[in-house]
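> need a structure here:
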Amino acid sequence: MKSQIFEKEGFPKYMDLLLIIIMLIIFCLPLSLLSQYANPESEKYEIKTVIKDFPTLFNDDNIINVTIATDIEKLITDIGDSAEYHQALLSYTIPGEDTVSFKVRIKTRGNFRKDKKNCDFPPLALKFSKKDVKNTIFEGQDKIKMVTHCRTKQPEYKQFVIKEYLVYKLYNLLNPYSFQVRLLDITYVDVWDPRHSIHSYAFMIEEEKLMAKRNGGKIKNAEFLSPEDIDTRNYILMCLFQYMIANNDWSVWVVHNAKLVSISPSKPLVPVPYDFDWAGIVNAPYRFSADSEKDFMTDRDFKGKCETLDELSFFFNYMKSKSREIYDLYMNSGLLNRKHEAITLQVLNDFYNIINHPESYKDEFLDTGDSK
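Below you'll find the model as predicted:
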């Protein structure tokens, strides 16, 4: 009957199927996609919230109990530019499950914290064998970075590991274009003398290529960028986040402490921040050695100036909508002592006090005096 109607109205027969297909496509399109074309301005700064499945390692927040057995002295003194991988045995336990062990290779990494003048225990990198990690929570991992404590004989440095870990979790709340992390309760066992073993916290960071793949893109390497190269909404959101945590140790334009995700060749790059140990919210002591006159807790610099109050209000409202989750992240972690919880909450309070008072933030955040 449909064919007869179409013919009656003057449509050739081959158009019947074509029109039906077009109608099905229109009605099956996601509403969000249709609304984008109906009103492009309404979604100009929409924040992406859909997250694809995580690898097993990052699919929950339970702390993993990990033991790494290796020649500790040989490992942590191999801090040159050509540091080598060392043999190690990694064992892990998750509550309610048996202990799993397999061989890994491990080496030192980093720059500032690898220098013995700054830290006596360097950040580490692990390399896995696909065969050895099959059917474990590390399945699918290749190379992975570990953020470790800085000083072994000062227990307070465990708190700085936790605080940096929580900064990554904070940005996870704001943007799926972010690195997933997993906290470890870790013991480094010296194979030559177990009495010299070290117990601390550490956390693992999602591989950059897997982070990009999870978000439907690929890592793009570049040395210098212009504003036209960068996705505006993700850049402003990242700038506001860095301002919130009082971190100035980053730059998109010279690609410092940021990775770039390319979703398609025709779209601007999405910047993804990492490395937050110099942020005021972490408050690591070694930051002050660089500039003793700076107050890193209050020295904030918003690097993503908005042009209008409407733009600014959108991002402020978004940050306000996340405030309960952000405060809960710190207040319910159960990992921070009273002193360090108070420090982090004060940094958050200062930020929200600023964005809740329009009369005080125009000069700080706007490019122009336009108030439309």
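> where does the stretch 151-300 of the chain dip in pLDDT?
288-298 (pLDDT under 70).
> where do the helices of it begin and end?
Ranges of helices within the stretch 151-300 of the chain are 157-174, 208-214, 232-244, based on DSSP state H, counting those that start in this stretch.
> tell me how far the last one is from the chain's mean position?
So that's helix 232-244. Relative to the chain's own centre, helix 232-244 is displaced by 13 Å; criterion: Cα atoms, centre = their mean, to the nearest Å.
> show me the protein divided up by domain.
1-29, 56-209, 216-365 (automatic domain parsing).
> mind saving the C-alpha coords of stretch 176-191 as PDB?
C-alpha atoms of stretch 176-191 as PDB (Å, rounded to 0.1, in the frame of the first residue of the first chain):
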ATOM      1  CA  PRO A 176      35.900  11.700  31.500                       C
ATOM      2  CA  TYR A 177      38.900  13.100  29.600                       C
ATOM      3  CA  SER A 178      41.000  12.300  32.600                       C
ATOM      4  CA  PHE A 179      43.400   9.700  33.800                       C
ATOM      5  CA  GLN A 180      42.000   6.900  36.000                       C
ATOM      6  CA  VAL A 181      44.100   5.900  39.000                       C
ATOM      7  CA  ARG A 182      44.200   3.000  41.500                       C
ATOM      8  CA  LEU A 183      45.500   3.300  45.000                       C
ATOM      9  CA  LEU A 184      48.000   0.800  46.400                       C
ATOM     10  CA  ASP A 185      48.900  -0.200  49.900                       C
ATOM     11  CA  ILE A 186      52.400  -1.300  48.900                       C
ATOM     12  CA  THR A 187      55.400  -3.000  50.400                       C
ATOM     13  CA  TYR A 188      58.700  -3.000  48.600                       C
ATOM     14  CA  VAL A 189      60.600  -6.200  49.800                       C
ATOM     15  CA  ASP A 190      64.300  -6.200  49.500                       C
ATOM     16  CA  VAL A 191      65.300  -9.600  48.100                       C
END
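> would you mark the buried spots in that stretch?
176-184, 186-190 (16 or more other Cβ atoms under 10 Å). All C-beta spots, glycine's among them, are computed from the backbone N, C-alpha and C.
> circling back to that earlier point, and the helices of the stretch 151-300 of the chain as a markdown table, adding mean neighbour count and distance to residue 109?
Converted to a markdown table, the helices of the stretch 151-300 of the chain look like this (neighbours: other Cβ atoms under 10 Å; distance: least, Cβ to Cβ, whole Å):
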| stretch | mean neighbour count | distance to residue 109 |
| --- | --- | --- |
| helix 157-174 | 21 | 15 |
| helix 208-214 | 19 | 14 |
| helix 232-244 | 22 | 23 |
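> turn the ones you listed into CSV, including distance to residue 137.
Formatted as CSV, the helices of the stretch 151-300 of the chain follow (distance: least, Cβ to Cβ, whole Å):
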stretch, distance to residue 137
helix 157-174, 17
helix 208-214, 14
helix 232-244, 28
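> out of the ones you listed, nearest to residue 272?
Closest approach to residue 272 among the helices of the stretch 151-300 of the chain (Cβ to Cβ): helix 208-214, 6.7 Å.
> just the C-alphas of the closest one, formatted as PDB.
Backbone C-alpha positions of helix 208-214 (Å, rounded to 0.1, in the frame of the first residue of the first chain) are rendered in PDB as follows:
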ATOM      1  CA  GLU A 208      47.800   7.400  28.100                       C
ATOM      2  CA  LYS A 209      46.900   5.400  25.000                       C
ATOM      3  CA  LEU A 210      44.200   3.500  26.900                       C
ATOM      4  CA  MET A 211      42.800   6.700  28.300                       C
ATOM      5  CA  ALA A 212      42.500   8.100  24.800                       C
ATOM      6  CA  LYS A 213      41.000   4.900  23.500                       C
ATOM      7  CA  ARG A 214      38.400   4.900  26.300                       C
END
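> that one - contacts with which helices or strands?
strand 218-219, strand 258-262 (3 or more Cβ pairs under 8 Å, 6 or more residues apart in numbering; DSSP states H and E).
> give me whichever of those strands is most buried.
Among those, strand 258-262 has the highest mean neighbour count (mean count of other Cβ atoms under 10 Å), at a mean of 21.
> can I get that one as CSV, trimmed to CA atoms?
Written as CSV, here are the backbone C-alpha positions of strand 258-262 (Å, rounded to 0.1, in the frame of the first residue of the first chain):
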residue,chain,number,x,y,z
ALA,A,258,49.2,17.7,29.7
LYS,A,259,48.4,15.0,27.1
LEU,A,260,46.5,15.7,24.0
VAL,A,261,43.7,13.5,22.7
SER,A,262,42.6,13.6,19.1
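> quick one, that strand and helix 232-244 angle?
160 degrees (axes from the mean of the first three to the mean of the last three Cα atoms, to 10 degrees).
> what lies in contact with strand 258-262?
When contacts are defined by Cβ atoms under 8 Å, 6 or more residues apart in numbering, strand 258-262 is touched by residues 177, 208, 211-212, 215, 217-222, 225, 238, 250-252, 269-274.
> returning to that earlier point: out of the helices of the stretch 151-300 of the chain, which gets nearest to residue 133?
Between residue 133 and the helices of the stretch 151-300 of the chain, the tightest spacing by Cβ to Cβ is seen for helix 208-214, at 13.9 Å.
> residue 302 touches residue 240, doesn't it?
Yes: between residue 302 and residue 240 there is a contact under Cβ atoms under 8 Å: 7.1 Å.
> need the residues touching each of those two.
Common neighbours of residue 302 and residue 240 (criterion: Cβ under 8 Å, 6+ apart): none identified.
> flag the shaky bits of the stretch 1-150 of the chain, pLDDT-wise.
1-55.
> need the strands for it, in chain order.
For the stretch 1-150 of the chain, strands defined by DSSP state E, counting those that start in this stretch occupy the ranges 64-70, 86-93, 100-108, 124-127, 143-147.
> let's have those in CSV, adding distance to residue 258 and mean neighbour count.
CSV is the format used below for these (distance: least, Cβ to Cβ, whole Å; neighbours: other Cβ atoms under 10 Å):
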stretch, distance to residue 258, mean neighbour count
strand 64-70, 27, 19
strand 86-93, 30, 17
strand 100-108, 23, 17
strand 124-127, 19, 19
strand 143-147, 15, 20
